[in-house]
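Asks: the sequence and its predicted three-dimensional model are supplied below.
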Amino acid sequence: MAPTKQQLDHVRQLVSSLNLHGPIANCEVRPFSPALTSSLIAIDISTELPGGKQMVRNFVAKVKMENEDQSEWVDADTQFYNECKVYSEVIPFFLKMIPSQGVSRIFPECLYSSYTKVDPVVIIENLESKGFKMGDYGAMDYEHCALTLRTLAQFHSFSIAIKRKEPTLFKEKIAQLKDPRYADNTLIFRTIQMLTRVCVRGCINSFEMFYPEYSATYAVELQKLLKLLNESVGELFQSLVKAEEPFSVLCHGDFNRNNILFRYDDDAKPCEVKFIDFQIIRYASPAIDISLLLFLNTTSEFRAENEDKLLRIYHQTLLENTATFLGCTTAELLSEMSLDKFKTDYARHALHGFLISAMFSRFVFGSEEECDRFVETIDNGRCTEDDLETLLPIGGEFVQRRICDMLKDILIRGYFK
């Protein structure tokens with residue numbers, strides 16, 4: 001949703017009041033790319049330097065959408081609150097506790113972050129101006145996945161190290177965050193439950209057409225999943241994100257390709273990655289992030305060949321970074337955090353990534369017109385399951401097969417029993 005003139009003027013005035021290490025020669029603001037849960041504003045700032053030179057810096061401001069109905073159903077207040085907390089409290093806390101662990105390399109620079117119910121604003125550097133860009137949906141190769149999971153493990157290691165060293169301080173920080181999706185009696189949670197039932201039910205109904213052999217082999221599991229969808233899908237989501245020690249960490253929460261930006265070297269190889277958009281952040285199993293990344297952004301064939309290798313890369317990086325901060329060896333962490341124990345934790349929670357991917361694959365892989373229809377159907381959170389049933393043809397056989405591939409992988413790997 002495009003920002004209003006009032007919002008553009010507000011951001012321009014706000015930037016003009018900030019200390020930017022030099023007088024502002026010029027400040028241009030304009031609408032940026034559209035977003036589902038907020039309005040984005042591009043900011044180009046020219047500051048005066050000694051000797052008459054100027055430095056141009058590029059930022060993006062995120063402001064609250066003006067549409068109150070849409071803002072209510074996506075619970076934009078909670079999402080803005082969380083993101084402001086990440087930039088004003090969590091990242092500075094990480095920087096204070098882990099000054100030498102490269103915290104700043106993972107996140108964009110934050111120029112300003114302030115939450116109020118009326119005018120919440122987050123201003124971060126425009127990473128596009130530094131050569132960062134998104135990867136392709138459904139086409140992340142091994143190099144992109146390995147780099148992403150190494151960096152994700154570094155991010156997650158901050159939580160594991162700090163909660164071991166300063167458990168009280170860490171608990172106080174995570175207690176400030178709010179549940180952005182699964183809070184009872186919210187429109188967004190109601191919509192998520194309905195959309196999950198419709199999309200996964202549609203997948204199960206067509207599963208036999210694509211995989212008749214697995215449909216028979218896993219008939220009991222499929223019936224159990226249907227029962228959960230129909231009777232207690234809300235409780236299922238809440239159980240999957242319930243924190244369990246020792247692996248629970250601050251998760252990004254929406255760890256998908258549109259929130260992961262890559263920079264490439266001269267050989268067009270990904271060499272650096274940064275994470276953005278922390279509205280859905282939560283304290284939970286790292287599987288919440290990893291499983292969404294792999295299910296929504298890779299193919300079944302890729303996962304069959306590479307999932308175990310990638311989980312090993314993540315686990316090893318997690319141990320190494322945690323050990324470096326704590327001043328111990330990785331061997332000293334293995335009694336609680338062995339690879340087998342990590343894989344067990346992952347298996348208990350990976351279903352979450354499948355459920356979210358099943359919901360949003362049609363939006364991700366549909367045509368522009370189909371995506372518009374998807375958004376219009378769920379737009380105010382007051383849709384019915386009958387309304388959502390009309391979305392099942394979006395993306396055609398390609399999307400339906402892709403979701404069935406995810407379900408097959410969940411069953412084969414024992415992520416749902």
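Replies: Thanks, I have it.
Asks: quick check, Thr298 in contact with Cys145.
Replies: Yes. Using CB atoms under 8 Å, Thr298 is in contact with Cys145, at 6.7 Å. Placement of C-beta: from N, CA and C, glycine included.
Asks: overlap in contacts, these two.
Replies: Counting by CB atoms under 8 Å, 6 or more residues apart in numbering, the contacts common to Thr298 and Cys145 are Asn306.
Asks: more neighbours, these two?
Replies: Neighbour count, other CB atoms under 10 Å: between Thr298 and Cys145, Cys145 has more, with 25 against 21.
Asks: if we ignore the residues flanking it in sequence, what's nearest that one?
Replies: Leu310 (5.6 Å; CB to CB, 6 or more residues apart in numbering).
Asks: likewise for Lys178?
Replies: Nearest one to Lys178, counting by CB to CB, 6+ apart, is Thr78 at 4.9 Å.
Asks: name the helix or strand for that neighbour, please.
Replies: Using DSSP states H and E, the element containing Thr78 is helix 76-85.
Asks: give the rounded mean pLDDT of the very next helix or strand once past that helix.
Replies: Next helix or strand after helix 76-85 toward the C-terminus (DSSP H and E): helix 91-97. For helix 91-97, mean pLDDT is 92.
Asks: list of residues touching helix 91-97?
Replies: Contacts for helix 91-97 (CB under 8 Å, 6+ apart): Val103, Ser104, Phe107, Cys110, Phe158, Ala161, Ile162, Lys165, Glu166, Leu169, Lys173.
Asks: quick one: which of those has the most company?
Replies: Busiest of those [other CB under 10 Å] is Phe158, holding 26 neighbours.
Asks: name the nearest residue to Lys117, sequence neighbours excluded.
Replies: Using CB to CB, 6+ apart and skipping residues adjacent in sequence, the residue nearest Lys117 is Asp77, 6.5 Å away.
Asks: ok, that neighbour to Ser159 distance?
Replies: Separation of Asp77 from Ser159 (CB to CB, to the nearest Å) stands at 25 Å.
Asks: neighbour-wise, which of these two wins?
Replies: Neighbours were counted for Asp77 and for Ser159 using other CB under 10 Å; Ser159 has more, 22 against 16.
Asks: does the more buried one count as helix, strand or coil?
Replies: Following DSSP: H, G, I helix; E, B strand; the rest coil, the label given to Ser159 is helix.
Asks: circling back to that earlier point, next one, pLDDT for the residue nearest to Lys178 please.
Replies: Model confidence at Thr78 (pLDDT) stands at 92.
Asks: Asp136 now?
Replies: On the pLDDT scale, Asp136 gets 71.
Asks: check what pLDDT the residue lying closest to it once chain neighbours are set aside gets.
Replies: Nearest residue to Asp136, sequence neighbours excluded (CB to CB, 6+ apart): Arg257, at 7.3 Å. At Arg257, the model reports a pLDDT of 90.
Asks: ok, Arg257 - contacts?
Replies: Met134, Gly135, Asp136, Tyr137, Met140, Leu296, Asn297.
Asks: next, the buried residues of stretch 169-187.
Replies: The neighbour-count check on stretch 169-187 (16 or more other CB atoms under 10 Å) flags Phe170, Lys173, Ile174, Leu177, Asp179, Pro180, Arg181, Tyr182, Thr186 as buried.
Asks: only alpha carbons, please: show that stretch as CSV.
Replies: Provided in CSV are the C-alpha atoms of stretch 169-187 (Å, rounded to 0.1, in the frame of the first residue of the first chain):
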residue,chain,number,x,y,z
LEU,A,169,19.0,-10.5,30.9
PHE,A,170,18.2,-12.7,27.9
LYS,A,171,14.8,-13.7,29.3
GLU,A,172,13.9,-10.0,30.0
LYS,A,173,14.6,-9.2,26.3
ILE,A,174,12.6,-11.9,24.8
ALA,A,175,9.7,-11.2,27.2
GLN,A,176,9.3,-7.8,25.6
LEU,A,177,8.3,-9.4,22.3
LYS,A,178,4.6,-10.2,21.4
ASP,A,179,3.1,-13.1,19.5
PRO,A,180,2.6,-11.7,16.0
ARG,A,181,0.5,-14.6,14.5
TYR,A,182,-0.8,-17.1,16.9
ALA,A,183,-2.4,-15.1,19.7
ASP,A,184,-5.9,-16.3,20.4
ASN,A,185,-9.0,-14.3,19.2
THR,A,186,-7.1,-12.3,16.5
LEU,A,187,-8.2,-12.0,12.9
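Asks: which residues are contacting it?
Replies: Residues outside stretch 169-187 that contact it (CB under 8 Å, 6+ apart): 72-75, 78-79, 81-82, 85, 89-90, 93, 97, 159, 162-163, 188-189, 192, 234, 237-238, 241, 250, 253, 279-283, 381-382.
Asks: next, the buried residues of the helix or strand of the chain with the lowest mean pLDDT.
Replies: Ranked by mean pLDDT, DSSP states H and E, the weakest helix or strand in the chain is helix 68-73, scoring a mean of 74. Of the residues in helix 68-73, Gln70, Ser71, Trp73 count as buried by neighbour count, 16+ other CB under 10 Å.
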